[in-house]
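Trainee: here you go, sequence then predicted model.
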Protein chains: 2
Amino acid sequence: MSSQVTTERGIEREAWINFLRAHAAVTRQFNTELLETHGLTLNDFDVLAQLGRGPEHGLKRSELAERVLLTPSGITRLLDGLERAGYVRKGECESDARVTYAVLTDEGRGKLREAAKTHLASVEALLSERFTKGELEQLAELLGRLPMRADADCT
Amino acid sequence: MSSQVTTERGIEREAWINFLRAHAAVTRQFNTELLETHGLTLNDFDVLAQLGRGPEHGLKRSELAERVLLTPSGITRLLDGLERAGYVRKGECESDARVTYAVLTDEGRGKLREAAKTHLASVEALLSERFTKGELEQLAELLGRLPMRADADCT
DNA sequence: CGGTTATACTTGAGCAGTCAACAATCTATC
DNA sequence: GATAGATTGTTGACTGCTCAAGTATAACCG
């Protein structure tokens, strides 16, 4: 008359736990891989990728922060590294002196292409080894329903 | 004759990106919430929860490391905090002097119960607001296929 | 204009976790 | 039993991020 259906009651919890574990395991693996073969963090790569598909003149730091879900200061420090490595340079904004664009250098574009090749291959390998196309679509769709922004509704 | 099907080719990538974004957004939210209302990290909570469902005499630090996917040193430092807060204490192992068990104190058990109430409610709220039971089962199953261990096959 | 308020970004302090090196203990072999 | 190797855990140095506070510029408004 009380708790016999253990499986049904905790399904949210199970999904949540699997989510956390999967993320920890998978990102650790990719991070190490990316760091060893290209000297890049997962976030480094992510930022480069965003810059790669963004407009020619680069992206505002705040836009970047939104896209990769880091705080502004996180972005500053991450870009510090990429600038020091020569992959990104600063660009000024004519209409607003407060903003500094982050612009991909040629070297950065090359690095991105190079890293993308192996990294995306790894990602695709990991996923397509375990899921069919249809399942991936499902997974993407389901995950896409989660917040995706730092400022979720917290009423 | 070349790339016209943008949607189909990058499904792995889309799933992967959604995964990363969702994790960043959701964990940030829960972490802040948990920190504000209970002074616990998501990992702190996770460890307490593992101890809560583990055996009476506690868990070995290496077991803990496996379950929450932290490195041994990460566990040491995390437990440092929980011990200082009085939620966990050390327990010796009779048969092996190298291992120290992490044992939940009464205070820790109370804290866990208290934190679990609000935290799990938040998790369930977030998820059941966006997914049906069936979808959650799917999600859990799909996520469960991912490595889950630090030492994945890396041939 | 001049003053307030909002925005874009940076900086200092600090925290949570990693890795590499280490100490301690157990196990196996001769 | 002594010695070699594996296992369990801790520590120092570092990284990648966060938060809170600060600087500089822009926008609004009397």
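Mentor: Received the coordinates, thanks.

Trainee: what about the helices in chain A?
Mentor: Assigned helices in chain A, in chain order: A:6-9, A:11-38, A:42-53, A:61-68, A:72-84, A:106-130, A:133-144 (criterion: DSSP state H).

Trainee: and the third one, anywhere near DNA strand D?
Mentor: Okay, so that is helix A:42-53. Yes. Using C-beta under 7 Å from any atom of the strand, helix A:42-53 reaches DNA strand D at A:N43. (Glycine included, C-beta is placed from N, CA and C.)

Trainee: tell me the contacts of A:K60?
Mentor: Contact partners of A:K60, counting by C-beta atoms under 8 Å, 6 or more residues apart in numbering or on different chains, are A:93, A:99-102.

Trainee: who in chain A is up against DNA strand D?
Mentor: Applying C-beta under 7 Å from any atom of the strand, we find that chain A lies next to DNA strand D at A:41, A:43, A:69-71, A:73-74, A:77-78, A:81, A:95-98.

Trainee: the closest residue to DNA strand D within chain A - how many residues pack around it?
Mentor: Closest to DNA strand D within chain A is A:G74: 2.4 Å, counting by C-beta to the nearest atom of the strand. When neighbours are counted by other C-beta atoms under 10 Å in any protein chain shown, A:G74 registers 14.

Trainee: quick one: contacts for it?
Mentor: With C-beta under 8 Å, 6+ apart, A:G74 has these contacts: A:A65.

Trainee: that older thread, make a markdown table out of the residues of chain A next to DNA strand D and add pLDDT.
Mentor: Below are these laid out as a markdown table (pLDDT from 0 to 100):
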| residue | pLDDT |
| --- | --- |
| A:T41 | 96 |
| A:N43 | 97 |
| A:L69 | 95 |
| A:L70 | 96 |
| A:T71 | 96 |
| A:S73 | 97 |
| A:G74 | 97 |
| A:R77 | 97 |
| A:L78 | 98 |
| A:G81 | 96 |
| A:S95 | 92 |
| A:D96 | 94 |
| A:A97 | 93 |
| A:R98 | 95 |
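
Trainee: and the buried ones among those residues, selectable in ChimeraX?
Mentor: Buried residues among the residues of chain A next to DNA strand D (16 or more other C-beta atoms under 10 Å in any protein chain shown), as a ChimeraX selection:
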select /A:43,69,70,78,81
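
Trainee: looking at chain A, which helix or strand is least sure?
Mentor: Across the helices and strands of chain A, mean pLDDT, DSSP states H and E gives its lowest value to helix A:6-9, namely a mean of 52.

Trainee: show me what contacts the residue most central in space within chain A?
Mentor: The centre of chain A sits closest to A:D46, judged by C-alpha atoms, centre = their mean, with a distance of 4.7 Å. By C-beta under 8 Å, 6+ apart, the contact set of A:D46 is A:68, B:20.

Trainee: repeat for A:K90
Mentor: A:K90 neighbours (C-beta under 8 Å, 6+ apart): A:83, A:100-103.

Trainee: do the same with A:N43
Mentor: A:68, A:70, A:78.

Trainee: one more: A:A97?
Mentor: Going by C-beta under 8 Å, 6+ apart, A:A97 touches no other residue.

Trainee: B:T27 versus that one, what's the distance?
Mentor: Distance of A:A97 to B:T27, computed by C-beta to C-beta, to the nearest Å: 36 Å.
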